[in-house]
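**Student:** Generate coordinates for the sequence data below:
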Amino acid sequence: MHALLGLYVWEFFVSLDFDWAVLTGKKKFHWPMIFYFAGRYLLLSAMVGIAVGLDTPREINCRALYAFNQLAGDAAVGLASINLSLRTVAIWAHNKWIIILLILIIIGHWSLILQGLLLTAVWVPGVGCQIMHSNTTILAATFIYSMCFDFVVMCLSAYKLAWIPMRRGTNGARTKLVGMLFSDGLIYFFITFVVNLIATTFMILHLNTITSIIFNVPAAVASTIVASRVVRRLNNFQLSGPELFLSERNSSIAFKANSAVLSRSGVVPIAPDIQVEMNTFTHVENIDLERYSGAHCSKSSADSYDGDCKPVQVI
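**Tutor:** Numbers count the residues shown, from 1 in each chain. Here you go, the predicted structure:
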């Protein structure tokens, strides 16, 4: 537990600049960030609570402390799944059927998380708080549900990002943004699936009170860390060169803004019917304008250029 606390505190502080940028307004705050912050700080509170229960030299109410630790830790696992599901909603361009499906799954997940006190801890003089009983049936069901939830979300994302563009013959899945969304989703699912599987296996085996729950905290820590990193990577994503985003309705070329003249928020199409909201820069420098001179005008460029074939807007 102390090693995991050290690992999470290190992860917390190396990424604190992102939290500070959001809190100070340097990065725009969006309501889905509520789940990001709640997951990070609830798990930190649970880890501190576990350390207090193990290290305090004075008698405390172990039952109340471990009730909070259990609820905060399980909530962090649930919030990690919500963070990934919100990415899926954005990838599906807020499709109402996808939203309804995910909301129903989330309600079922939290109905297990909020089952009540599943751990019983008592004060042992000279030792500290010790867990005497655990309801491994509900705990195992919660972790199994988490694995199934993450699998559904991963399949929905993979279908939209990889299968649909491949079937329609577009190269949307080859762009850097789509590639990042796809790879991050796979990495998240693989890590959380492995740690949750290990925790569930030991809960089902129920060798003794300690080993039944010994891997619950590592699973919660790993899930929260990778979910938080996925959120930060998407928010910090920047184009590093010419990037072509194709859709069925329109196409646009994104250039790196070395000296942007206007900042705005927009929705960038990255594949058929896929839209991800991000900050962009309107920029008209470092472009070969000779290519679009009057002598080289064509009808195919009419949608993107005015009558004199001068660039109207480059994003």
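
**Student:** Could I get the buried residue list for stretch 183-202?
**Tutor:** Using 16 or more other C-beta atoms under 10 Å as the test for burial, stretch 183-202 gives 184-185, 188-189, 191-193, 195-196, 198-200, 202. (Each C-beta comes from the backbone N, C-alpha and C, glycine too.)

**Student:** Among the residues you listed, which one sits closest to Tyr159?
**Tutor:** Distance to Tyr159, by C-beta to C-beta, is smallest for Gly185 among the buried residues of stretch 183-202, at 11.1 Å.

**Student:** picking up where we left off before, what is the nearest of the buried residues of stretch 183-202 to Phe237?
**Tutor:** Closest to Phe237, out of all of these and judged by C-beta to C-beta, is Asp184, at 10.2 Å.

**Student:** can you tell me the helix or strand for the closest one?
**Tutor:** Here Asp184 is covered by helix 176-205, with elements defined by DSSP states H and E.

**Student:** any idea of the mean pLDDT for that helix?
**Tutor:** Taken as a whole, helix 176-205 has a mean pLDDT of 81.

**Student:** list the buried ones in the helix or strand containing Ala90?
**Tutor:** Secondary structure from DSSP H and E places Ala90 in helix 62-91. Residues of helix 62-91 classed as buried under the neighbour-count rule (16+ other C-beta under 10 Å) are 62, 65-67, 69-91.

**Student:** can you pull out the strands in the chain?
**Tutor:** 119-124, 128-134, 243-246, 251-254, 262-271, 274-282 (DSSP state E).

**Student:** Where does the prediction get shaky in the stretch 51-200 of the chain?
**Tutor:** Across the stretch 51-200 of the chain, residues meeting the criterion (pLDDT under 70) sit at 116, 163-175, 177.

**Student:** got a pLDDT number for the closest residue to Leu79 other than its chain neighbours?
**Tutor:** Counting by C-beta to C-beta, 6 or more residues apart in numbering, the nearest residue to Leu79 once its immediate chain neighbours are dropped is Gly39, at 3.5 Å. Looking at Gly39, its pLDDT reads 92.

**Student:** which ones are touching Gly39?
**Tutor:** Neighbouring residues of Gly39 by C-beta atoms under 8 Å, 6 or more residues apart in numbering: Ala75, Ala76, Leu79, Ala80, Asn83, Thr224, Ala227, Ser228.

**Student:** for those, which one is nearest Leu5?
**Tutor:** Thr224 (12.9 Å).

**Student:** that older thread, state the distance from the residue nearest to Leu79 to Ser15.
**Tutor:** Distance of Gly39 to Ser15, given as C-beta to C-beta, to the nearest Å: 13 Å.
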